[in-house]
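Engineer: predicted model and sequence below, questions to follow.
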Amino acid sequence: MADDIFKKLIAHSKEYGFVFQSSEIYDGLGAVYDYGQNGVELKNNIKKYWRDSMVKLHENVVGLDSAIFMHPTIWKASGHVDAFNDPLIDNKDSKKRYRADVLIEDALAKIEAKMDKEVTKAKKRFGDSFDEAQFRETNPRVLANQEKWNALHKRFSDALNNNDLNELKQIIIDQEVACPVSGSKNWTDVRQFNLMFSTEMGSTAEGANTIYLRPETAQGIFVNYLNVQKTGRLKLPFGIAQIGKAFRNEIVARQFIFRMREFEQMEMQFFVKPGTELDWFDKWRETRMSWHRALGFGDENYRFHEHEKLAHYANAAVDVEYKFPFGFKEVEGIHSRTDFDLNQHQEFSGKKIQYFDPELGKSYVPYVVETSIGVDRMFLQVMAASYCEEEVTSSNGKVDTRVVLKLPTPLAPIKLAVMPLVKKDGLPEKAREIIGDLKFDFNCAYDEKDSIGKRYRRMDALGTPFCVTVDHQTLEDNTVTIRHRDTMEQERVAIEALGGIVENATNFKALYAKLK
RNA sequence: GCGGGAGUAGCUCAGCUGAUAGAGCAUUAGCCUUCCAAGCUAAGGGUCGCGGGUUUGAAUCCCGUCUCCCGCUCCA
């Protein structure tokens, strides 16, 4: 059933111009999506909500827009180059995937174990007079194994150095490595999985550098820490906030826009005095939760998920999870990243990245608390939370279904539609005149096609909060009817009052007021 | 990568015991003038994912291939 709603949501997103599959006319490109004419408006509004609540509402948080391309060494320093490059092999029977290098290392360890066993046995036999070094050099069984080990180790390191995947597989076959789960030796080829996209910078082949498309935006903040801190004369604690694209060559990327290969992050790195990071971590987790809850999607649909296994750089981590149609899933992560990243960059760049604390009279590397949210996941959350199918009974007793996107009004792609009740008698002209006045302040739509009820429903499906209808009375007294999306109720108001009504109901201030 | 499902109009699908490619909705134009999607008339839109084979003839049968969706492995 929930799956059903998810499918409807995907279809709705396409039908009403929110999200399209990338390169659709060429059969699509896996896990890449485009935002359509309404999607881009909604997405921009989500980004505005985040940016304003970070940068405008916090005196000590500033913005940044760093480039996607960065010096390759940054990814060595951050640990991504090592962590993102694995030769993997699958067992065809158990469907389990292993790191090929780990399997071979296990085989090496097995040989070592054999030799150790011989040594242990001999030790028992000879007692105190046992000379281990001599034994290892002379015992034929140990020597044979040592030779085996040396040969295998050389083959292994050669294969790794030459990045020879076929050789890695051949080693696994020759060593008769079996899958621990299925026990079979039925292996696929070894494949290199590089989770970072790479490209070449520099137009000549010999001068070209391999550079990576960033897999997270955070590093752009870390490497600009000194620039921003010094030019902004910022004192700890302070934060740098950035919205930008990131790229990961995910092995599987599924569930619509929940996990994409090209995605957008909204990250804020908050720099603090060492020792205070866990207090700030607690503060930010509450701040971020309140940001989510202010949208009014129901507090019960959110929860924290504490990380038990922490990443190498973190000393605390928690996710904000939202109840999607396919279950509770992460939309935001809050991490206490310690001084790991800045330390690494200090080491790899050879530049001091420190903060002089005037109170203590000394310099130190700040600690970092990070909040990191996926724009696309947020978008999906907003769509999932807003999508409603309502039963509507009309005056003649007919029951039909109304599909309405109950978007938080500040996020709605279109704020109001103005339509003539009929397309004659000067009503269309009057409607366009009204739009002419309001279009500078709001995204407006005009529609004269089909019956008025049908037009209302079309706007419901887009999440437009207001429909303004021009009728014959309008021409006499300059009043119009304004219809509210959620209640379907209408009221008659003066044309000059429209701007104020829409502004009051759709500006971001009410949202910001709810933030803690 | 493995397993399962699916590719026919913008959308949802029918046609699949081989023989001129269909419906509903949507779109466009005109009529009607009506405050909650369903009035009337007309039009546009498809190399039936792609390639090959069998056949007098293939959306339909056979082989190959690509893509998408779901599950599993991964996710700093």
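Structural biologist: Thanks, I have the structure now.
Engineer: rest of the way, CA atoms for contacts and neighbours
Structural biologist: Fine.
Engineer: next, the buried residues of stretch A:321-332.
Structural biologist: Across stretch A:321-332, burial judged by 16 or more other C-alpha atoms under 10 Å covers A:321-325, A:329-332.
Engineer: can you pull out the helices in the stretch 251-400 of chain A?
Structural biologist: For the stretch 251-400 of chain A, the helices defined by DSSP state H, counting those that start in this stretch occupy A:277-293, A:340-349, A:375-386.
Engineer: which of those helices is buried the deepest?
Structural biologist: Looking across the helices of the stretch 251-400 of chain A with neighbours counted as mean count of other C-alpha atoms under 10 Å, the highest average goes to helix A:375-386: a mean of 22.
Engineer: and that one, what does it pack onto?
Structural biologist: Here helix A:375-386 touches helix A:2-15, helix A:37-51, strand A:262-272, strand A:316-324, strand A:399-405, going by 3 or more C-alpha pairs under 8 Å, 6 or more residues apart in numbering; DSSP states H and E.
Engineer: per the record, what domains does chain A have?
Structural biologist: A:2-83+A:195-383, A:85-190, A:414-513 (automatic domain parsing).
Engineer: count the neighbours of the residue in the stretch 251-400 of chain A that RNA strand B sits nearest to for me.
Structural biologist: Among the residues of the stretch 251-400 of chain A, residue A:255 lies closest to RNA strand B, at 3.6 Å counting by C-alpha to the nearest atom of the strand. For residue A:255, the count of nearby residues is 12 (other C-alpha atoms under 10 Å).
Engineer: per-residue pLDDT, it?
Structural biologist: For residue A:255, the pLDDT comes out at 73.
Engineer: and the residue of chain A found nearest RNA strand B, which of the three is it?
Structural biologist: With C-alpha to the nearest atom of the strand, the shortest gap between chain A and RNA strand B falls at residue A:30, namely 2.7 Å. Recorded secondary structure, residue A:30: coil (DSSP: H, G, I helix; E, B strand; the rest coil).
Engineer: now it: phi and psi?
Structural biologist: The phi/psi pair for residue A:30 (degrees, to the nearest 10) reads phi -60, psi 130.
Engineer: against residue A:146, how distant is it?
Structural biologist: According to C-alpha to C-alpha, to the nearest Å, residue A:30 stands 48 Å off from residue A:146.
Engineer: from residue A:375, how far out is residue A:45?
Structural biologist: In terms of C-alpha to C-alpha, residue A:45 sits 11 Å off from residue A:375.
Engineer: same question but for residue A:504, I mixed them up
Structural biologist: Counting by C-alpha to C-alpha, the gap between residue A:504 and residue A:375 amounts to 26 Å.
Engineer: output the lowest mean pLDDT helix or strand found in chain A.
Structural biologist: Using mean pLDDT, DSSP states H and E, strand A:191-194 stands out as the lowest-scoring helix or strand of chain A, at a mean of 66.
Engineer: okay, and for the stretch 301-450 of chain A, where does confidence drop off?
Structural biologist: Within the stretch 301-450 of chain A, the segments meeting pLDDT under 70 span A:309, A:394-398.
Engineer: near RNA strand B, which residues of it?
Structural biologist: Residues of the stretch 301-450 of chain A lying near RNA strand B by C-alpha under 7 Å from any atom of the strand: A:311, A:392, A:394-395, A:398-403, A:421-424, A:449-450.
Engineer: buried subset of those residues, written for ChimeraX?
Structural biologist: The following ChimeraX line selects those of those that are buried, judged by 16+ other C-alpha under 10 Å:
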select /A:402,403,421,422
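Engineer: and the two most separated of the residues of the stretch 301-450 of chain A next to RNA strand B?
Structural biologist: The span of those, defined through C-alpha to C-alpha, is set by A:311 and A:424 at 66.2 Å.
Engineer: show me where the stretch 401-516 of chain A has helices.
Structural biologist: According to DSSP H, counting those that start in this stretch, the helices that the stretch 401-516 of chain A contains are A:427-438, A:452-462, A:472-477, A:498-506, A:509-513.
Engineer: mind checking which of those helices is nearest residue A:173?
Structural biologist: Using C-alpha to C-alpha, the helices of the stretch 401-516 of chain A put helix A:452-462 closest to residue A:173, at 57.8 Å.
Engineer: buried sites along that closest one?
Structural biologist: For helix A:452-462, by 16+ other C-alpha under 10 Å, it's A:452, A:455-462.
Engineer: and if you look at stretch A:143-153?
Structural biologist: In stretch A:143-153, counting by 16+ other C-alpha under 10 Å, buried: A:146, A:149, A:152-153.
Engineer: ok, those residues vs residue A:515, which is closest?
Structural biologist: residue A:153 (59.2 Å).
Engineer: what about the closest one, distance to residue A:139?
Structural biologist: For residue A:153 relative to residue A:139 (C-alpha to C-alpha), the value is 21 Å.
Engineer: hmm, which two among the buried residues of stretch A:321-332 are most spread apart?
Structural biologist: For those, the farthest-apart pair by C-alpha to C-alpha is A:325 and A:332; their separation is 17.2 Å.
Engineer: closest one of the residues of the stretch 301-450 of chain A next to RNA strand B to residue A:22?
Structural biologist: Looking across those and measuring by C-alpha to C-alpha, the closest to residue A:22 is residue A:403, at 25.7 Å.
Engineer: so who does the nearest residue to residue A:306 once chain neighbours are set aside touch?
Structural biologist: Excluding the flanking residues, the one nearest residue A:306 by C-alpha to C-alpha, 6 or more residues apart in numbering is residue A:318, at 4.5 Å. By C-alpha atoms under 8 Å, 6 or more residues apart in numbering, the contact set of residue A:318 is A:285, A:304-307, A:333-335.
Engineer: next secondary structure after the helix or strand harbouring residue A:142?
Structural biologist: Using DSSP states H and E, residue A:142 falls within helix A:140-161. Remark: after helix A:140-161, the chain's next helix or strand is helix A:165-174, criterion DSSP H and E.
Engineer: picking that back up, nearest to residue A:467, out of the helices and strands packed on helix A:375-386?
Structural biologist: strand A:399-405 (13.4 Å).
Engineer: wait, residue A:512 sits on residue A:53?
Structural biologist: Yes. Using C-alpha atoms under 8 Å, residue A:512 is in contact with residue A:53, at 6.9 Å.
Engineer: so for residue A:205, what's the pLDDT?
Structural biologist: 61.
Engineer: then residue A:66?
Structural biologist: Looking at residue A:66, its pLDDT is 95.
Engineer: next, the contact list for the residue nearest to it when sequence neighbours are not counted, please.
Structural biologist: What sits nearest to residue A:66 in space, not counting adjacent residues and going by C-alpha to C-alpha, 6+ apart, is residue A:220, at 5.5 Å. Neighbouring residues of residue A:220 by C-alpha under 8 Å, 6+ apart: A:66-67, A:70.
Engineer: how about those residues in JSON lines, adding distance to residue A:165?
Structural biologist: Formatted as JSON lines, the contacts of residue A:220 follow (distance: C-alpha to C-alpha, whole Å):
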{"residue": "A:66", "distance to residue A:165": "36"}
{"residue": "A:67", "distance to residue A:165": "34"}
{"residue": "A:70", "distance to residue A:165": "29"}
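Engineer: drop anything exposed from those residues.
Structural biologist: A:66, A:70.
Engineer: identify the single longest helix in chain A, thanks.
Structural biologist: helix A:100-126 (DSSP state H).
Engineer: what residues of that one count as buried?
Structural biologist: Those would be A:100-101, A:103-104, A:107-108, A:111, A:115, A:119, A:122-123, for helix A:100-126 by 16+ other C-alpha under 10 Å.
Engineer: do the same with stretch A:297-307
Structural biologist: Here stretch A:297-307 shows A:297, A:302-303 as buried, counting by 16+ other C-alpha under 10 Å.
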